[in-house]
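In: Structure for this input, please:
(chains A and B)
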Amino acid sequence: MIWLELAIMQRALLGCVLAGFLSGLVGVFVVRMKLSAIGYSMSHGAFAGAALGVAVSANPLVTALLFSSATALFIGPVADKARLHADTVTSIVFPLNMALAFVFLTLSPQIGLTSEVASVLWGSVISMSNSDVVYLTTLCAVTLVLIHFFWKELFAIMFNRKLAEADGIDTKPFVYFIIFVIGVVVTFSLKLVGGLLIFALLFNPASSALQFFHDMKKIVLVSPIIGATTCVAGLMLSLFLDLPIGSCIVLVSTFTFAFAVLLSPKRKREEVIS
Amino acid sequence: MHIESIIRLENVSTTYEGERRPAVKKVNLNLSENELLYVVGPNAAGKTTLLETINGLLPPSKGHVLVFGLDVRRRGKEVRREIGYVPQDFMVDPGEPYTALDIVMMGRYGKIGVLHRPDKKDFEKAMEVMKLLGIDELDDRPIGKLSGGQQQKVMIARALSKDPKILLLDEPFSNLDPDSRERIPELMAQIHEEKGVTTIIVTHDVSRILKQCRRVVVMNDGRIVADESPEEALTTFERPLATHPTEAIP
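Out: Next up, the predicted model:
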């Protein structure tokens, strides 16, 4: 484990744990609130933003954050105001973001698949800086605190948004909050997994945890652990096989999901209590 | 402020987004406190739309809906905290990761308010209504693993857990077993009488109207076509609905 003595590897490991934990946590809301299409658009919004950063030699993190925030705003409040269906908006925003990302990458002053361009596409261990780790730690703390405070409302919305409304909960601000958090988490995890694969990090851990428990609280606790574990395992795999880290993380998390489906106790007994 | 009607609909029409024809048309309806009203009518008569217009889940495209004297379009959130709502045929996926108690507790969340956490009193209230409905022993069972009838009781318990001033029940007894189909409606009538809860029950089964009911509204094609006693409603239902008067009797 001599590699662990290298600062770059320590940062990568920390980044994996934090990004995996966060994505796993936020992913539960993505899956339960049926925001998959929105999550997909957000991740590609961040990707397009990062590509713009590379093209204009600006900080990709800042431009990715701007793009994902704009996407969140467009998918959330603007679409609601314009009375556009979420499906319609995401179907337009997703290819738009992809098109912009490839235009920006083509306009990039660097020729070919440079390390910076490659890291935006596939993720890169070496791109993790100290400030990225600080950002991820802060984001982790803020997200946990906010989820703790609004847990009751989020818990009810995750069961059924219309019923939550019927009980007098104003669901819109909470849904917007989750959309915005998805954007921020995706942006800060982009360096690790890359823009094309980040969505799997949101979706797979939560979907795996859902295979095992009938208790939402347990799912919210276990999904971030699965997220962090699969990210670390993906990092190891990428180091040993010398493959892109993003691809390895997605491969591990997909296999984890496949095993979860095979081993799921929920699928074995579906009896109804009479 | 003295409020004559606890629920007041003035010339209300409700149109679903993307549709041109309103599902509820020019409805006028007044309900006083502690009234028990049945809404009957064939499928697609606008019964469910009427309930969701009253609690503000569906904003009316025309007219005004006042509940407790408040306009539900602007003050819907406040109004809904005092309304227990049981939706029609609400069935849950078998893998749903919520227990029966989780669902019943949710009924209290709006009333508890943002940034406040449920306490012992909330938990006791949830258990009390579950016991009343005979489902207290299912509290830790996953909701999706319960039978249709048990799930329906959980939804009724959720509506009751907030100590509502108004109950809106949409075909609430349709999935119950024969024994519960006798017992639960009686229990609802008892709650209505003892606690003075204004209650609206939507049903298509006129023969099962509770004896405590004095007023039945018949709907057809989005309109209130009759507002009468249960006995009259039974006779009305024997005639083809097309022969009913077309305007509401407020």
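
In: Could you find the closest non-adjacent residue to the closest residue to chain B within the stretch 101-250 of chain A?
Out: Relative to chain B, the nearest point of the stretch 101-250 of chain A is residue A:168 (2.8 Å; Cβ to the nearest Cβ). Where C-beta positions appear, they are placed from N, C-alpha and C, glycine not excepted. Distances taken as Cβ to Cβ, 6 or more residues apart in numbering or on different chains put residue B:110 closest to residue A:168, at 2.8 Å, once the chain neighbours are dropped.

In: what helices or strands is the strand or helix carrying the one you found leaning on?
Out: Counting by DSSP states H and E, the element that carries residue B:110 is helix B:100-112. Judged by 3 or more Cβ pairs under 8 Å, 6 or more residues apart in numbering or on different chains; DSSP states H and E, helix B:100-112 is in contact with helix A:151-159, helix A:161-166, helix B:120-132, helix B:148-160.

In: Identify each buried residue in the first one, please.
Out: Just to be clear, that refers to helix A:151-159. A:152, A:153, A:154, A:155, A:156, A:157, A:158, A:159 (16 or more other Cβ atoms under 10 Å in any protein chain shown).

In: Intersect those with the contacts of chain B.
Out: A:152, A:153, A:155, A:156, A:159 (Cβ under 8 Å from any Cβ of the partner chain).

In: doesn't residue B:105 make contact with the third one?
Out: No - with the criterion set as Cβ atoms under 8 Å, residue A:155 and residue B:105 do not qualify as a contacting pair; they are 9.1 Å apart.

In: Can I get stretch B:44-61 in CSV, CA atoms only?
Out: Extracted C-alpha coordinates of stretch B:44-61, given in CSV (Å, rounded to 0.1, in the frame of the first residue of the first chain):
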residue,chain,number,x,y,z
ALA,B,44,-66.2,10.3,-14.7
ALA,B,45,-69.0,12.4,-13.2
GLY,B,46,-66.4,14.7,-11.6
LYS,B,47,-66.7,13.4,-8.0
THR,B,48,-62.9,13.0,-7.4
THR,B,49,-62.2,16.3,-9.1
LEU,B,50,-64.8,18.0,-6.9
LEU,B,51,-63.0,16.7,-3.7
GLU,B,52,-59.6,17.8,-5.0
THR,B,53,-61.0,21.2,-5.9
ILE,B,54,-62.3,21.6,-2.4
ASN,B,55,-58.9,20.9,-0.8
GLY,B,56,-57.1,22.9,-3.4
LEU,B,57,-55.0,20.1,-4.9
LEU,B,58,-56.6,21.1,-8.2
PRO,B,59,-57.0,24.9,-8.6
PRO,B,60,-60.4,25.9,-10.0
SER,B,61,-60.2,27.4,-13.5
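
In: same for the helix or strand where residue A:51 lies, what does it pack against?
Out: Here residue A:51 is covered by helix A:36-55, with elements defined by DSSP H and E. Applying 3+ Cβ pairs under 8 Å, 6+ apart, one finds that helix A:36-55 contacts helix A:7-32, helix A:60-73, helix A:86-106, helix A:115-122, helix A:171-193, helix A:198-210.

In: mind exporting the last one as CSV, just the C-alpha atoms?
Out: These are the backbone C-alpha positions of helix A:198-210, laid out as CSV (Å, rounded to 0.1, in the frame of the first residue of the first chain):
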residue,chain,number,x,y,z
ILE,A,198,-21.6,10.4,-13.2
PHE,A,199,-25.3,9.6,-13.3
ALA,A,200,-24.5,6.0,-12.4
LEU,A,201,-23.0,7.2,-9.1
LEU,A,202,-26.4,8.8,-8.3
PHE,A,203,-28.6,5.9,-9.3
ASN,A,204,-26.8,2.6,-8.6
PRO,A,205,-26.1,2.8,-4.8
ALA,A,206,-29.7,3.9,-4.0
SER,A,207,-31.2,1.2,-6.3
SER,A,208,-28.9,-1.4,-4.7
ALA,A,209,-29.9,-0.3,-1.2
LEU,A,210,-33.6,-0.4,-2.1
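
In: Need the residues that contact the lowest-mean-pLDDT helix or strand in chain B.
Out: Least confident helix or strand, chain B: helix B:230-238 with a mean of 74, by mean pLDDT, DSSP states H and E. The set of residues external to helix B:230-238 that reach it, using Cβ atoms under 8 Å, 6 or more residues apart in numbering or on different chains, is B:38, B:40, B:206-207, B:209, B:213-216, B:218, B:226, B:228, B:244.

In: for stretch A:203-211, same thing?
Out: A:20, A:23-24, A:27-28, A:30-32, A:36, A:39, A:218-219, A:222-224, A:226-227, A:230, A:250, A:253-254, A:256-257, A:259-261, A:263-264, A:266-267, B:95, B:97.

In: what's the spacing between it and its chain's center?
Out: 13 Å (Cα atoms, centre = their mean, to the nearest Å).

In: average pLDDT for that stretch?
Out: Average pLDDT, stretch A:203-211: 94.

In: what does the stretch 51-200 of chain A have sitting close to chain B?
Out: The interface of the stretch 51-200 of chain A toward chain B, taken as Cβ under 8 Å from any Cβ, is made up of A:83, A:149-150, A:152-153, A:155-156, A:159, A:162-170.

In: Just the buried residues from those, in PyMOL please.
Out: The buried subset of those, as determined by 16+ other Cβ under 10 Å, is captured in PyMOL by this line:
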select buried, chain A and resi 150+152+153+155+156+159+163+164+165+166+167+168+169
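
In: what sits up against stretch A:157-176?
Out: A:28-29, A:32-33, A:35, A:72, A:76-77, A:80, A:150, A:153-154, A:156, A:216, B:55, B:57, B:77-83, B:85, B:87, B:90, B:96, B:98, B:102-103, B:106-111, B:158, B:162.

In: Which among those residues count as buried?
Out: Buried among these (16+ other Cβ under 10 Å): A:28-29, A:32-33, A:35, A:72, A:76, A:150, A:153-154, A:156, A:216, B:55, B:57, B:77, B:79-83, B:85, B:87, B:90, B:96, B:98, B:102-103, B:106-111, B:158, B:162.

In: Check chain B for the residue nearest chain A and tell me.
Out: For chain B, Cβ to the nearest Cβ, closest residue to chain A: residue B:110, 2.8 Å.

In: Which residues are in contact with that residue?
Out: Counting by Cβ under 8 Å, 6+ apart, residue B:110 has contacts A:164, A:167, A:168, A:169, B:77, B:80, B:81, B:162.

In: Mind checking which of these are in helices?
Out: With helices taken from DSSP state H, the overlap with the contacts of residue B:110 comprises A:164, B:77, B:80.

In: right, and the last one touches residue B:56 too?
Out: Yes - when contacts are counted by Cβ under 8 Å, residue B:80 is listed as touching residue B:56 (6.3 Å).

In: hey, what's the residue nearest the centre of chain B bridged with?
Out: When Cα atoms, centre = their mean is applied to chain B, the residue found nearest the centroid is residue B:168 (1.6 Å). Going by DSSP bridges, residue B:168 is paired in beta bridges with residue B:85, residue B:200.

In: gap between it and residue B:6?
Out: Noted for residue B:168: a distance of 12 Å to residue B:6, by Cβ to Cβ, to the nearest Å.

In: For burial, what's the neighbour tally of residue B:223?
Out: 22 (other Cβ atoms under 10 Å in any protein chain shown).
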